[in-house]
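*Asks:* Dropping the sequence and predicted coords here.
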Amino acid sequence: MPRHARAILPEVAVHIIQRGNNRSACFHREADYLVYIDYLRELSRRHGCEIHAYCLMTNHVHLLATPRTANACALLMKNLGQRYVQYVNRSRERTGTLWEGRFRSCIAQSERYVMACYRYIELNPVRAGMVAHAGDYRWSSHRANAAGAGETWLVPHPEYLALGIDDDARRGAYRALVDSGLGSAQLDQIRAATHSGGALGDAAFRSLASRALGRCLTPGRAGRPPKRKCGTDLDTPLAGSAH
């Protein structure tokens, strides 16, 4: 059965996950993280993909990006993956694949959904028990988004810019958002949308995205008949307190 094309729309934010093959490690030493970030910076500019947030975990990668064209994300991930695999194979004297296969992704509505993805990505090391606070993890965008530390190549999403009237106000508001965490409903919704390759947003957003892409982006419920009007099943609203 042919696979659906990814749900990607120009100028709409997308959450991307790329996992290591069999969930094995992709990063083994400091140089690996630095090389990947360097490739990400270069190739995101080349392919017209604005990167808002990222987190490099030991065996997978999270990105929040906005593509300028419909194929920008695919080009970025293809070339980024290939170049990084070539680097790893050379440096570790190995052969073969590194990644699980197709990256997973979901488009995200603005307002609270995009900012939830920011937090979801940068809080990954906290949820994994690797650090106590997002700012303690070196291989993510949190220090840039929360404190303005380096990483001038990152592009703030308009919803991030709307957090305050200047950089200090935005960073303070963002730190407070991250400190508030994510509720279990938010976590489940982001995971479900990304796993299914769908749309993270309210019913109106999913309906508009479905029409633009020519296919339904509302996942069915277990045990329900598959035939239904697209966009009529409402997701649980993104509401919740600290994770």
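*Replies:* Cool, the structure landed. Keep in mind it's a predicted model, so treat the numbers as computed, not measured.

*Asks:* List the beta-bridge partners for residue 51.
*Replies:* residue 65 (DSSP bridges).

*Asks:* Report the contact partners of it.
*Replies:* Contact analysis of residue 51 by Cβ atoms under 8 Å, 6 or more residues apart in numbering lists 40, 41, 44, 63, 64, 65, 141, 153, 154, 155. Placement of C-beta: from N, CA and C, glycine included.

*Asks:* could you redo the last one with a cut-off of 10 Å?
*Replies:* 16, 37, 40-41, 43-45, 63-66, 76, 141, 151, 153-155 (Cβ atoms under 10 Å, 6 or more residues apart in numbering).

*Asks:* now the strands for the protein?
*Replies:* Ranges of strands in the chain, per DSSP state E, are 14-19, 49-56, 60-67, 104-108, 199-200.

*Asks:* CA-only coordinates of the longest helix anywhere in the chain in PDB, if you can.
*Replies:* If you go by DSSP state H, the chain has its longest helix at helix 72-92. Extracted C-alpha coordinates of helix 72-92, given in PDB (Å, rounded to 0.1, in the frame of the first residue of the first chain):
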ATOM      1  CA  ALA A  72      11.800  22.000   2.300                       C
ATOM      2  CA  CYS A  73      11.600  19.700   5.300                       C
ATOM      3  CA  ALA A  74      12.100  16.500   3.200                       C
ATOM      4  CA  LEU A  75      15.200  18.000   1.500                       C
ATOM      5  CA  LEU A  76      16.600  19.200   4.900                       C
ATOM      6  CA  MET A  77      16.100  15.800   6.600                       C
ATOM      7  CA  LYS A  78      17.400  13.800   3.600                       C
ATOM      8  CA  ASN A  79      20.600  15.800   3.200                       C
ATOM      9  CA  LEU A  80      21.100  16.200   7.000                       C
ATOM     10  CA  GLY A  81      20.700  12.500   7.600                       C
ATOM     11  CA  GLN A  82      22.900  11.500   4.700                       C
ATOM     12  CA  ARG A  83      25.700  13.900   5.600                       C
ATOM     13  CA  TYR A  84      25.700  13.000   9.300                       C
ATOM     14  CA  VAL A  85      25.700   9.200   8.500                       C
ATOM     15  CA  GLN A  86      28.700   9.700   6.300                       C
ATOM     16  CA  TYR A  87      30.500  11.500   9.100                       C
ATOM     17  CA  VAL A  88      29.600   8.800  11.600                       C
ATOM     18  CA  ASN A  89      30.600   6.000   9.300                       C
ATOM     19  CA  ARG A  90      34.000   7.700   8.600                       C
ATOM     20  CA  SER A  91      34.700   8.600  12.200                       C
ATOM     21  CA  ARG A  92      33.600   5.200  13.700                       C
END
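
*Asks:* can you tell me the distance between the two ends of stretch 62-81?
*Replies:* 13 Å (Cα to Cα, to the nearest Å).

*Asks:* Thanks a lot, catch you later.
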